[in-house]
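Trainee: Build me a structure from this.
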Amino acid sequence: MEFNKEYDASGLACPLPIVKTKKALSDMTSGQVLRVISTDPGSVCDMAAFAEQTGNALLEQGSENSKFVFYLKKA
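Mentor: Below you'll find the predicted structure:
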């Protein structure tokens, strides 16, 4: 999937992946896609909840090389 910006939150524990994702999205314009990489298993539930609460679209989530990968589209 194409993306405009990437944030690697590897090694960060909850709630930092979400906090840093929110900050990364704040610098982006509506419609742009952010790719987030995380090693925190809790980020799977957290990212879905974050997207729902903020109105940003969680386009895709999966895993690569034992890391979690998320694609969020800014509202």
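Trainee: ranges for the helices of this protein?
Mentor: Using DSSP state H, the helices of the chain run over 16-26, 43-54.
Trainee: just so I know, which of those lies nearest Met1?
Mentor: For Met1, the closest of the helices of the chain is helix 43-54, at 15.1 Å, according to Cβ to Cβ. All C-beta atoms are positioned from the backbone trio N, CA, C, and that covers glycine.
Trainee: quick one on the thing from earlier: can you list the helices of the chain in JSON lines and add mean pLDDT?
Mentor: Output for these, formatted as JSON lines (pLDDT from 0 to 100):
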{"stretch": "helix 16-26", "mean pLDDT": "97"}
{"stretch": "helix 43-54", "mean pLDDT": "96"}
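Trainee: Quick one: closest of the ones you listed to Tyr7.
Mentor: Nearest to Tyr7 among the helices of the chain is helix 16-26; the distance by Cβ to Cβ comes to 4.4 Å.
Trainee: How far does the closest one sit from its chain's centre?
Mentor: The chain centre lies 8 Å from the centre of helix 16-26; the measure is Cα atoms, centre = their mean, to the nearest Å.
Trainee: And for stretch 23-30?
Mentor: Relative to its chain's centre, stretch 23-30 lies at 11 Å (Cα atoms, centre = their mean).
Trainee: Identify the residues contacting that stretch?
Mentor: With contact meaning Cβ atoms under 8 Å, 6 or more residues apart in numbering, stretch 23-30 is reached by 4-5, 7, 34, 36, 54, 56, 72, 74-75.
Trainee: Show me which parts of it are buried, residue by residue.
Mentor: 24-25, 28 (16 or more other Cβ atoms under 10 Å).
Trainee: Please produce JSON lines containing these, extended by distance to Pro15.
Mentor: Listed next are those as JSON lines, based on distance: Cβ to Cβ, whole Å:
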{"residue": "Ala24", "distance to Pro15": "14"}
{"residue": "Leu25", "distance to Pro15": "15"}
{"residue": "Met28", "distance to Pro15": "20"}
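Trainee: Out of those, which comes closest to Pro17?
Mentor: Nearest to Pro17 out of those is Ala24 (Cβ to Cβ; 10.4 Å).
Trainee: Kind regards, and thank you for your time.
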